[in-house]
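Peer 1: Here's a sequence, model it:
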Amino acid sequence: MHGPHILIVGSGSVGRRHARNLATLGCRISCVDPRADRRAELSSEVPTVAGHPHVSEALATHHDLTGVVIGSPPVFHVDQATEALQRGIPVLLEKPISPELQGAVRLERLTETGLAPLLLGYTWRWWEPLRKARDLIEANTIGTLRHVRMVISAHLADWHPWERYQDFFMSSKALGGGALLDESHWIDVMLWLFGRPSWVHADVAKLGQLEIDVDDNVDMSVGYRNGLRVALHLDILGRPHEKTITFLGDHGTLIWRENPNRISVSTETAPGWKDKDFCCERNDMFLAVAREFLDVCARRTSPTCTASDGRRVLEIIEAARTSSSEGRRVSLEGVQLE
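Peer 2: Next up is the predicted model:
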């Protein structure tokens, strides 16, 4: 059997999704997971070349790997990506790039050596309605933006109903869980839409009764030099689930909602919304990422979401942590990496 040979590191939910999608695109799949039951579960869904308990063993065994997909808990991301990149193998890395800024900087610098490319999986960048919203904003549809409200809320116990949420890495600080890190998708979306802000003021807390040792609620206020303000709310407590972004401009309002899958625009004094509904499904953005990754592996394109993007997200996360612990606004003006 021919076709690209992709190693999936981490056979949990996202690893199995990537394996299914890449197999659909004609890839051969091998996997890594310390748990034999998870390796068996992935193999029952997708025919696999081989399964291994450790990344080093897999990389030493397979000399024909086209790429490596890393879907393990965040605490392992930097070391596992480093092993693959140092062998010259392209990497698709799930977010966040690292639980800490230092690890993100280390991996960013490794990618800058040109050993192999890294595509970072902040998948909402590939979501068609958000791309459309970005186009409308850039076209000045609602005028100059003044304020943006982002609300992302989804109860943790609903994420993986087939397992106890207490066993999910999201519940563990040691593994890199928590709302701030895992829902950093939306920090990335903010940076993708508006660029690097001037300051961050945040409250990062555990408010609910979930049996976790990480934050479950984040409220962040972000300011830009041009006057734009962004209010970002993340929680892993809410029911029903909600993903909504409201853009307020000088000439009107644009709202993106995940449910219903819709963009609404109004530029009228009286309520008069023009709605555009979308029929895309959640897996579509993962398929889009998989297609780009195969193009990156074949050197047909460069990654559109990079280790540098991941480092920028961690800069905001570190500023939010500092702001919350010290109770003050944290300036990002003039901040330079060492």
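Peer 1: what about the helices in the protein?
Peer 2: 13-24, 36-45, 55-61, 77-86, 101-111, 128-138, 179-182, 185-194, 282-297, 307-326 (DSSP state H).
Peer 1: List the residues that contact Glu41.
Peer 2: Ser11, Arg16 (CB atoms under 8 Å, 6 or more residues apart in numbering). For every residue, glycine as well, the C-beta is placed using N, CA and C.
Peer 1: what separates the most centrally placed residue in the chain from Asp188, distance-wise?
Peer 2: Nearest to the centroid of the C-alpha atoms of the chain, with distances taken as CA atoms, centre = their mean, sits Tyr122, at 3.2 Å. In this view, Tyr122 and Asp188 are 4 Å apart by CB to CB, to the nearest Å.
Peer 1: How about Val46?
Peer 2: From Val46 over to Asp188 (counting by CB to CB), the distance is 28 Å.
Peer 1: Tell me who's in contact with the residue nearest to the centre of the chain.
Peer 2: Tyr122 neighbours (CB under 8 Å, 6+ apart): Lys95, His185, Asp188, Val189, Trp192, Cys305, Asp309, Gly310, Val313.
Peer 1: Pipe the residues you listed into CSV and attach pLDDT and neighbour count per row.
Peer 2: CSV is the format used below for those (pLDDT from 0 to 100; neighbours: other CB atoms under 10 Å):
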residue, pLDDT, neighbour count
Lys95, 96, 24
His185, 96, 20
Asp188, 98, 22
Val189, 98, 23
Trp192, 98, 19
Cys305, 98, 22
Asp309, 98, 20
Gly310, 98, 28
Val313, 98, 27
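Peer 1: Closest to Cys31 out of these?
Peer 2: Among these, Lys95 lies closest to Cys31 (CB to CB), at 20.0 Å.
Peer 1: Per-residue pLDDT of the spatially closest residue to the closest one that is not a sequence neighbour, please?
Peer 2: Take Lys95 and drop its neighbours on the chain: the residue closest to it by CB to CB, 6 or more residues apart in numbering is Tyr122, 5.2 Å away. pLDDT for Tyr122: 98.
Peer 1: Kindly report the same for His2.
Peer 2: 81.
Peer 1: got it, and the one 5 residues further on?
Peer 2: If you check Leu7, the pLDDT there is 98.
Peer 1: please begin residue numbering at 700 from this point
Peer 2: Sure, I'll start counting at 700 from here, so that last one is Leu706.
Peer 1: Quick check: it touching Ile769?
Peer 2: No. Counting by CB atoms under 8 Å, Leu706 stays clear of Ile769, with 9.1 Å between them.
Peer 1: Mind listing the shared neighbours of the two?
Peer 2: Ala783.
Peer 1: So the spatially closest residue to Glu1014 that is not a sequence neighbour versus Ile962, what's the distance?
Peer 2: Distances taken as CB to CB, 6+ apart place Leu800 nearest to Glu1014, at 6.4 Å, with adjacent residues excluded. Counting by CB to CB, the gap from Leu800 to Ile962 is 34 Å.
Peer 1: picking up where we left off before, so which of the helices of the chain is nearest Arg924?
Peer 2: Closest among those, using CB to CB: helix 884-893, at 10.8 Å.
Peer 1: any residues touching that closest one, and which ones?
Peer 2: Residues contacting helix 884-893 (CB under 8 Å, 6+ apart): 794, 821-824, 829, 833, 836, 844, 847, 849, 851, 896, 921, 923, 927, 929, 931, 933, 944, 1004, 1008, 1011-1012, 1015-1016.
Peer 1: per-residue confidence for Glu862?
Peer 2: 87.
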